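Student: coords please:
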Amino acid sequence: MSAVPVPQPRAAAASSAAPGSGRRSLAAALLLGAAGAAVVLLASGQTWAEGRTSFVGGTLPLKASGGQVTGLPTALAIVGLAALVAVFAVRRTGRHLVSAVLALTGAGAALAAWLGGTSGDALDDEAVRLTGDSAVSTAALTHTAWPFVAAAGGLLILLAGLLALRYGRLWPAMSGRYERDGSPRPRRSAPVDPDRPEELWKALDRGEDPTG
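Tutor: Residues are numbered from 1 along each chain as shown. The predicted model follows:
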């Protein structure tokens with residue numbers, strides 16, 4: 001007689017821990033992705049840079065919001081939210097691709113916000129717009145903490161994408177009740193009890209063979 005294979009303790013532990021790991025990673029990814037996108041959107045609406053410009057008529061204070069400095073973090077945060085939802089609509093290779101997009105949007109938003117926190121181009125443009133003089137420049141340029149808050153939000157989105165890449169195969173997908181063409185799958189009829197004549201007549205009315 002051949003020996004019956006005995007499951008190894010490590011394999012059994014891994015299989016039993018998989019559902020728990022999937023639930024925890026799913027909750028963490030949803031929280032990180034949603035929170036990161038919210039942080040980026042909130043921070044992008046705040047003042048990122050301040051300064052002043054001098055011209056013939058005097059001195060003007062200048063301010064530039066995150067949206068004026070760069071609109072990239074906001075756009076990438078919105079794409080990241082869409083990717084976070086789309087993760088549950090696809091499976092296998094598609095899920096890996098969408099997870100990679102989620103991670104890349106987070107990395108891009110963080111990098112764009114960080115670079116925006118060191119740029120003074122938006123204030124120079126604002127100075128030209130207010131004074132009508134293309135030769136003016138910004139003096140006493142300072143940056144607030146908001147661009148770096150937005151960068152932190154982008155990193156949260158990146159973490160959500162990395163979790164999706166690592167544990168996405170354990171996450172549930174949308175209901176498979178519908179086929180690829182969008183039509184619902186036919187449901188199997190309940191078995192007919194031959195001892196109940198009324199069920200036989202109902203089956204015949206439906207065009208079914210109660211003897212099958």
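
Student: which residues are in contact with Thr142?
Tutor: Applying CB atoms under 8 Å, 6 or more residues apart in numbering, we find Thr142 in contact with 49-51. For every residue, glycine as well, the C-beta is placed using N, CA and C.

Student: what do you get for Ala77?
Tutor: Per CB under 8 Å, 6+ apart, neighbours of Ala77: 36-37, 40-41, 44, 105, 109, 153-154, 157.

Student: before we move on, the earlier item: what subset of the contacts of Thr142 is buried?
Tutor: Neighbour counting by 16 or more other CB atoms under 10 Å classes 49-51 among these as buried.

Student: tell me which of those is nearest to Leu72?
Tutor: Closest approach between the buried ones among the contacts of Thr142 and Leu72, by CB to CB: Ala49, at 15.7 Å.

Student: looks to me like the closest one is in a helix.
Tutor: No: using DSSP: H, G, I helix; E, B strand; the rest coil, the assignment for Ala49 is strand, not a helix.

Student: excluding its backbone neighbours, what's nearest Phe55?
Tutor: Thr131 (4.6 Å; CB to CB, 6 or more residues apart in numbering).

Student: how close does that neighbour sit to Ala150?
Tutor: 29 Å (CB to CB, to the nearest Å).

Student: got it, and Leu31?
Tutor: According to CB to CB, Leu31 stands 18 Å off from Ala150.

Student: out of the two, which sits in the busier spot?
Tutor: Ala150 (32 against 12; other CB atoms under 10 Å).

Student: surely the more buried one meets Gly66?
Tutor: Yes: between Ala150 and Gly66 there is a contact at 6.2 Å, judged by CB atoms under 8 Å.

Student: any residues in contact with both of these two?
Tutor: Common neighbours of Ala150 and Gly66, counting by CB under 8 Å, 6+ apart, are 43-44, 73, 113, 116.

Student: want to throw the residues you listed into JSON lines with neighbour count?
Tutor: Formatted as JSON lines, the shared contacts of Ala150 and Gly66 follow (neighbours: other CB atoms under 10 Å):
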{"residue": "Ala43", "neighbour count": "26"}
{"residue": "Ser44", "neighbour count": "29"}
{"residue": "Pro73", "neighbour count": "31"}
{"residue": "Ala113", "neighbour count": "31"}
{"residue": "Gly116", "neighbour count": "27"}
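
Student: flag the least confident of these.
Tutor: Among the shared contacts of Ala150 and Gly66, Gly116 has the lowest pLDDT, at 88.

Student: so that residue touches Pro147, yeah?
Tutor: Yes: Gly116 is in contact with Pro147 according to CB under 8 Å; the separation is 5.0 Å.

Student: need the overlap of contacts for these two.
Tutor: 48, 66, 69.

Student: now, which of those sits nearest Gly168?
Tutor: Gly66 (30.6 Å).

Student: skipping adjacent residues, who's closest to that closest one in space?
Tutor: Closest residue to Gly66 apart from its sequence neighbours, by CB to CB, 6+ apart: Ser44 at 3.7 Å.

Student: close enough to count as contact, the one you found and Ala64?
Tutor: No: using CB under 8 Å, Ser44 is not in contact with Ala64; the gap is 11.6 Å.
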